[in-house]
Every structure is written in C-alpha cells, then in structure tokens.
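A.B. asks: What shape does this take:
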Amino acid sequence: MDLLTIITILLCISAIFSYLNERFIKLPATIGVVTISVVVSVLILIAGKTGAGLSKTIITLAAGINFSKVLLDVMLGLLLFASALHFDYNKLKEQRWPVVLLSTLGVIISTFVFGGLIYLALIVLPFNIPFIYCLVFGALISPTDPIAVAAILKKSKISPRLNTIISGESLFNDAVGLVLFITLLNIAEQSGASLTVAGIARLFAQEVLGGIGIGLIAGFLGYRMIRSVKNFQTMLLISVALVMAISFIAHQLNASIPLSAVTAGLIIGNESLDKKHIVNQFLSRIWQLLDDVLNTILFVMIGLQLVLMPFVDNYWLVGILSIIVILIARLISVFLPAVFLLHKVNFRSLSILTWAGLRGGISVAMALSLPDSPYREIILSSCYFIVIFSIIIQGLTLNRLVTKLSNE
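C.D. replies: Numbers count the residues shown, from 1 in each chain. This is a model prediction of the structure:
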C-alpha cells in the first residue's frame with residue numbers, strides 16, 4: 001500500500017471505531033477504541049484463515065505501518081507536547097521528589113525486579129530465556145506510558161496530588177527506560193565488552209541532558225514567537241512546526257524526543273502568560289483536540305498490531321505470568337523509594353500508584369524494535385499481553401479502586 005492509502009484507511013477505521021464506542025459501547029474513549037480494535041483483530045485472525053478479502057486488507061495495512069518508527073519518531077513528540085502544555089508546573093514542583101524518584105530509581109528497581117522474577121518463573125516453564133534478555137524485557141516494560149496515563153487520568157477521580165505524581169512520572173521516565181533498554185540490549189548482543197561506565201554515562205547525558213537542552217532552547221524560542229503574534233493560525237503553525245523540528249533534531253542528535261517535547265511544552269504552557277489569556281486558552285484547546293485525535297489513532301494502531309502477532313496464542317501462559325510479575329515489580333518500585341527515601345508510607349496511595357502505572361504504545365514500540373533472536377517473539381507477545389491488560393482492565397477499574405479506597 002502507498003502512504004496515502006494507509007493514512008486514509010487508518011483514519012477511516014479510527015473514525016468508525018470512535019463512532020461505535022461513542023454511540024453504542026460508551027466506554028472511555030481510549031479504552032473503547034482499544035477494545036474494539038482488539039476484538040476486530042481477533043475476528044480478522046479467525047477470518048483470515050478463510051482468505052477473507054477484508055482480513056487481508058487490514059493485515060496488509062498493519063504490516064505497512066512501521067509502528068515503532070511512527071510512534072517514537074513522529075507521534076510521540078506531538079502527544080507529549082500536548083500533555084505538557086496544560087500541565088501545571090507549580091504542582092509539579094511541589095511533587096518533584098516523588099516524581100524524580102519514581103521516574104529514575106523506580107524504573108531501575110522495576111527493571112531488575114521484573115527481570116529477576118520472570119527469569120525464576122520461566123525456569124519451571126518450557127521457555128528458557130537468558131537472564132539478560134529478561135532484564136531487557138524489564139527495561140522496555142517498566143516505564144509507565146505517558147500517553148496511556150494521560151488518556152486514562154483525564155476523567156479520573158484520583159486526587160490532584162497523585163494525579164500530578166503519576167502524570168509527572170510518566171512524562172519523565174522514558175529516558176531512563178530507553179537508556180537501560182539500549183545498554184542491556186547491547187550486553188545481550190554480546191557487544192557489552194565495549195560498554196564502559198563512561199560510555200553508559202555518556203549515553204545517559206546525550207539522551208537526558210541533550211533532550212532537556214533542545215527542549216529549553218526550542219521552548220523559549222517558540223514562546224517568544226507565539227507571544228509576538230496575534231493570528232491564531234500562525235500560533236498553531238508555530239507550535240506544530242516547533243514540535244516536529246524538536247523531534248527531527250533530537251532524533252538526529254540521539255537525544256530524548258520525549259524529554260525535548262515535554263520541556264518545550266512545560267515552558268510554553270507555563271510561562272508568564274496568564275492562564276486566562278486568550279493565547280493560552282486557544283493553544284490549550286486546539287492541542288487538546290489534536291491530542292484526542294492522535295490518541296484515538298494511536299490506540300487503534302495498538303489494537304490492530306495484534307493481527308501481526310499470530311504467535312500470541314503460543315505464549316498466553318507467559319503473558320498472564322508477565323502481567324502478575326509487572327504488578328509486583330511496580331508495587332516494589334513504588335514502595336521502596338517511599339519507605340527508604342521519602343520515609344513515609346500511605347498504603348492507599350501505594351495501591352493507587354501501583355494500579356495506575358499503565359503501560360502502552362511506547363513499550364510495544366520498543367519491543368518491536370528488538371532485533372531478531374530466539375527470544376523476540378515471547379518478549380513481544382508478553383509485552384502485548386501486559387499493555388492490553390493495562391489499558392483495558394487497569395484503565396476500567398482505576399476509578400473503582402480510587403472510590404473504594406476513599407470510602408474506607
């Protein structure tokens with residue numbers, strides 16, 4: 001399929017799924033389109049065995065989309081900029097220590113706890129995965145997904161404090177997870193001999209400091225340009241061009257696109273313009289609309305990726321096991337920093353923080369970027385189990401958990 005055909009079919013499918021959910025199913029938008037996409041994908045896999053023309057078209061469509069590249073290089077910057085644009089920087093400062101600890105130390109703890117537990121669990125199953133590949137799996141699945149988190153929390157009854165912590169963590173933890181993923185994958189591919197502490201530090205600085213630096217410069221320039229004009233069309237063009245330029249430059253310099261986009265969004269959304277200023281209102285509303293549309297398309301893409309995973313049924317037991325292990329790893333990664341560094345434990349908050357640690361498209365994108373190996377399929381399919389469970393089950397029950405704990 002050519003690019004125009006792929007875009008047209010994808011937009012039509014997204015519109016149809018969104019309509020069906022809004023008109024009949026009435027689930028929260030993100031959860032609804034993912035659910036419909038997964039159900040349709042399962043039906044397509046069944047119908048595909050009979051050679052149905054529509055099934056072949058959808059499978060060809062899914063295969064024609066480089067999900068990993070489209071998300072990480074194109075959509076991610078736009079979605080994170082939109083999330084950061086209306087994020088309250090003052091609230092973020094108030095919760096900076098929980099956010100910093102969860103987005104750094106929490107990811108590291110989760111990676112090694114998940115890797116260790118899944119390695120031990122798989123010893124008793126007919127799947128023999130080396131410990132280093134279990135850690136690679138832990139690195140790609142440990143960061144919470146800012147897009148999934150933002151989509152679920154929009155209509156959540158969660159307290160403002162926990163909302164800030166969960167959202168802030170998800171905005172900043174991708175850089176740590178990506179550095180861990182790249183480092184552990186290099187070791188797994190037996191190129192670890194060339195990896196040094198200095199090399200890892202250089203990689204981290206390039207990703208994190210480079211990303212923040214690009215975001216600071218771009219955000220300041222964008223803010224000055226937007227403030228100096230009054231035409232709404234020009235403001236929108238500047239903001240969109242800014243995000244695309246950030247994504248391109250960060251990609252070329254091997255810096256973190258998420259951190260660049262988040263930093264620029266925080267600057268433009270929280271600079272000295274009054275929150276009631278017409279410019280802020282316009283940018284907030286138009287980017288909210290773009291965010292909603294892109295989210296719908298992204299989660300349709302996530303659901304349709306199932307048609308490219310015919311091996312999922314071979315690994316359902318490992319997938320279910322992985323769901324249990326990631327929840328345990330999440331609980332430990334939240335509990336340890338709270339006890340030993342923040343010196344306070346609120347079991348209601350810990351329960352909510354654990355259940356609200358949603359995984360999404362970023363984990364799938366990293367799993368799809370894994371090179372061919374005997375362990376790629378099992379990691380990819382298990383990752384998909386976790387992401388679907390996270391978005392649908394955790395997303396649907398988060399408010400119930402919050403309400404129950406609030407009434408106790």
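
A.B. asks: Identify each buried residue in the helix or strand Ile324 falls within, please.
C.D. replies: Assigning secondary structure by DSSP states H and E places Ile324 in helix 316-340. The neighbour-count criterion (16 or more other CB atoms under 10 Å) identifies 318-319, 321-323, 325-327, 329-335, 337-338 as the buried residues of helix 316-340. Every residue, glycine included, has its C-beta placed from N, CA and C.

A.B. asks: Apart from its neighbours in sequence, what residue is nearest Gly222?
C.D. replies: Closest residue in space to Gly222, ignoring its immediate chain neighbours: Leu242 at 4.3 Å, by CB to CB, 6 or more residues apart in numbering.

A.B. asks: Report the mean per-residue pLDDT for the helix or strand hosting that neighbour.
C.D. replies: Take DSSP H and E as the rule and Leu242 turns out to sit in helix 232-252. Taken as a whole, helix 232-252 has a mean pLDDT of 94.

A.B. asks: Give the burial count for the residue nearest to Gly222, as a bare number.
C.D. replies: Here the neighbour count serves as a burial measure; for Leu242 (other CB atoms under 10 Å) it reads 23.

A.B. asks: about what we covered before: the helix holding Leu242 - contacts with which helices or strands?
C.D. replies: Helix 232-252 sits against helix 76-85, helix 197-227, helix 257-270, helix 278-304, with contacts defined as 3 or more CB pairs under 8 Å, 6 or more residues apart in numbering; DSSP states H and E.

A.B. asks: Output these in TSV, with mean neighbour count appended to each entry.
C.D. replies: Below are the helices and strands packed on helix 232-252 laid out as TSV (neighbours: other CB atoms under 10 Å):
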stretch	mean neighbour count
helix 76-85	26
helix 197-227	17
helix 257-270	27
helix 278-304	19
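
A.B. asks: of all those helices, which lies closest to Gly116?
C.D. replies: Comparing the helices and strands packed on helix 232-252 by their distance to Gly116 (CB to CB), the top pick is helix 197-227, with 20.3 Å.

A.B. asks: For the closest one, enumerate the helices and strands it packs against.
C.D. replies: Contact analysis of helix 197-227 by 3+ CB pairs under 8 Å, 6+ apart lists helix 174-188, helix 232-252, helix 257-270, helix 278-304 as its packing neighbours.

A.B. asks: Nearest to Cys12, out of those helices?
C.D. replies: Nearest to Cys12 among these is helix 278-304; the distance by CB to CB comes to 10.4 Å.

A.B. asks: I'd like the mean pLDDT over the closest one, please.
C.D. replies: Along helix 278-304, the predicted local confidence has a mean pLDDT of 87.

A.B. asks: again, but for stretch 324-340
C.D. replies: 94.

A.B. asks: With stretch 128-140 instead?
C.D. replies: Averaged across stretch 128-140, the pLDDT comes to 95.

A.B. asks: starting at the chain centroid, how far to that stretch?
C.D. replies: Here stretch 128-140 is found 19 Å from its chain centre; the criterion is CA atoms, centre = their mean, to the nearest Å.

A.B. asks: Okay, the nearest residue to Ile147 once chain neighbours are set aside and Asp291: tell me how far apart.
C.D. replies: For Ile147, ignoring the flanking residues on the chain, the nearest one in space by CB to CB, 6+ apart is Leu79 at 5.1 Å. Using CB to CB, to the nearest Å, Leu79 is found at 6 Å from Asp291.

A.B. asks: Mind listing the shared neighbours of those two?
C.D. replies: Ala150 (CB atoms under 8 Å, 6 or more residues apart in numbering).

A.B. asks: picking up where we left off before, could you redo the helices and strands packed on helix 197-227 as TSV and give each row distance to Thr196?
C.D. replies: Output for those, formatted as TSV (distance: least, CB to CB, whole Å):
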stretch	distance to Thr196
helix 174-188	11
helix 232-252	24
helix 257-270	24
helix 278-304	37
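
A.B. asks: With respect to Val345, which of the ones you listed lies nearest?
C.D. replies: Val345 lies closest, by CB to CB, to one member of those: helix 174-188, at 23.5 Å.

A.B. asks: Could you list every helix and strand in contact with that closest one?
C.D. replies: Counting contacts by 3+ CB pairs under 8 Å, 6+ apart, helix 174-188 is packed against helix 105-123, helix 131-141, helix 197-227, helix 257-270, helix 361-368.

A.B. asks: and if we set it to 6 Å?
C.D. replies: When contacts are defined as 3 or more CB pairs under 6 Å, 6 or more residues apart in numbering; DSSP states H and E, helix 174-188 packs onto helix 105-123, helix 131-141, helix 197-227.

A.B. asks: For the last one, give the mean pLDDT please.
C.D. replies: Going back to what we said before, that points to helix 197-227. Predicted confidence along helix 197-227 averages 90 (mean pLDDT).

A.B. asks: cool, and stretch 39-59?
C.D. replies: When pLDDT is averaged along stretch 39-59, the result is 73.

A.B. asks: same check, this time on stretch 370-380
C.D. replies: Per-residue pLDDT over stretch 370-380 has a mean of 91.

A.B. asks: Buried residues, that stretch. List them.
C.D. replies: In stretch 370-380, counting by 16+ other CB under 10 Å, buried: Leu370, Tyr375, Glu377, Ile378, Ile379, Leu380.

A.B. asks: Got the phi and psi for the most centrally placed residue in the chain?
C.D. replies: For the chain, the residue sitting closest to the mean C-alpha position, by CA atoms, centre = their mean, is Asp145 at 2.6 Å. Comment: the main-chain dihedrals of Asp145 come out as phi -90, psi 120, following degrees, to the nearest 10.

A.B. asks: Report the contact partners of it.
C.D. replies: Counting by CB atoms under 6 Å, 6 or more residues apart in numbering, Asp145 touches Leu358, Arg359, Gly360, Ile362.

A.B. asks: Pick out whichever of those residues sits closest to Leu185.
C.D. replies: Within the contacts of Asp145, distances to Leu185 taken as CB to CB reach their minimum at Ile362, with 15.4 Å.

A.B. asks: That closest one and Asp174, how far apart?
C.D. replies: In terms of CB to CB, Ile362 sits 6 Å off from Asp174.

A.B. asks: any residues in contact with both of the two?
C.D. replies: By the contact definition CB under 6 Å, 6+ apart, Ile362 and Asp174 are jointly contacted by no residue.
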